[in-house]
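Engineer: Next comes the sequence, and after it the predicted model I'd like to discuss.
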Amino acid sequence: MSGFDPFKDNDDGLAVQEAKPKLKMPPLYKVILLNDDFTPMDFVIEILMNFFAMPEEKATQVMLQIHTQGVGVCGTYTKDVAETKVYIVNEYSREHHHPLLCSMEEM
Ligand code: TYC
């Protein structure tokens, strides 16, 4: 007789591998501010406090870093949050007739 043998494992050497979970962390984006010669320092500090939840001291440090280095990081966010921050900061600056530029880059 051939066929099924209850005393063998009957798996033809095949192993069942558990599926790896395919979840990945979403990519993060840095939201950055660029220096310019015209936007008042106080306006930049106000932006950092109001749109990026920085206390005044931290906002002042970051503003001065941008002023001296040319660019600085306001925070890191998922793509849609970063895009929204960039949009509202640029709109707010434009409404106040300042040339301040906000942008984002993938980390
Ligand atoms: N450089 C500006 C000035 O001297 C201040 C400034 C800081 C502007 C940061 C933009 O992202 C900026 N008034």
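Structural biologist: Noted; the coordinates are in hand.
Engineer: Is K22 in a helix, a strand, or coil?
Structural biologist: When the structure is split into helix, strand and coil by DSSP: H, G, I helix; E, B strand; the rest coil, K22 lands in coil.
Engineer: neighbours around it, how many?
Structural biologist: One way to gauge burial is a neighbour count; for K22, by other Cβ atoms under 10 Å, it gives 5. In short, each C-beta sits where N, CA and C put it, glycine included.
Engineer: need the residues of this protein near the ligand, please.
Structural biologist: With Cβ under 6 Å from any ligand atom as the criterion, the chain meets the ligand at residues 33-37, 39-41, 44, 63, 66-67, 100.
Engineer: Of these, select the buried ones using a PyMOL command.
Structural biologist: A single PyMOL command selects the buried members of those (16 or more other Cβ atoms under 10 Å):
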select buried, resi 33+35+39+44+63+66+100
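Engineer: Give me the pLDDT value at K20.
Structural biologist: According to the model's per-residue confidence, K20 sits at a pLDDT of 83.
Engineer: Give me the neighbour count for it.
Structural biologist: The burial count assigned to K20 is 6, neighbours taken as other Cβ under 10 Å.
Engineer: T68 too?
Structural biologist: The tally of other residues near T68 (other Cβ under 10 Å) stands at 9.
Engineer: Next, it: secondary structure please.
Structural biologist: With three-state DSSP as the basis, T68 sits in helix.
Engineer: With the one 4 residues further on instead?
Structural biologist: Remark: G72 carries the secondary structure label strand [criterion: three-state DSSP].
Engineer: Show the contacting residues for it.
Structural biologist: Under the criterion of Cβ atoms under 8 Å, 6 or more residues apart in numbering, the contact list for G72 reads 32-33, 62-63, 65-66.
Engineer: Let's have these in TSV, adding pLDDT.
Structural biologist: As requested, the contacts of G72 are arranged in TSV below (pLDDT from 0 to 100):
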residue	pLDDT
I32	98
L33	98
V62	98
M63	98
Q65	98
I66	98
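Engineer: Which of those residues fall within helices?
Structural biologist: 62-63, 65-66 (DSSP state H).
Engineer: Roughly how far does the closest residue in space to K79 that isn't next to it in sequence sit from D42?
Structural biologist: Leaving aside its sequence neighbours, K79 sits nearest to Y29 (Cβ to Cβ, 6 or more residues apart in numbering; 5.7 Å). Distance check for Y29 against D42: by Cβ to Cβ, to the nearest Å, it reads 27 Å.
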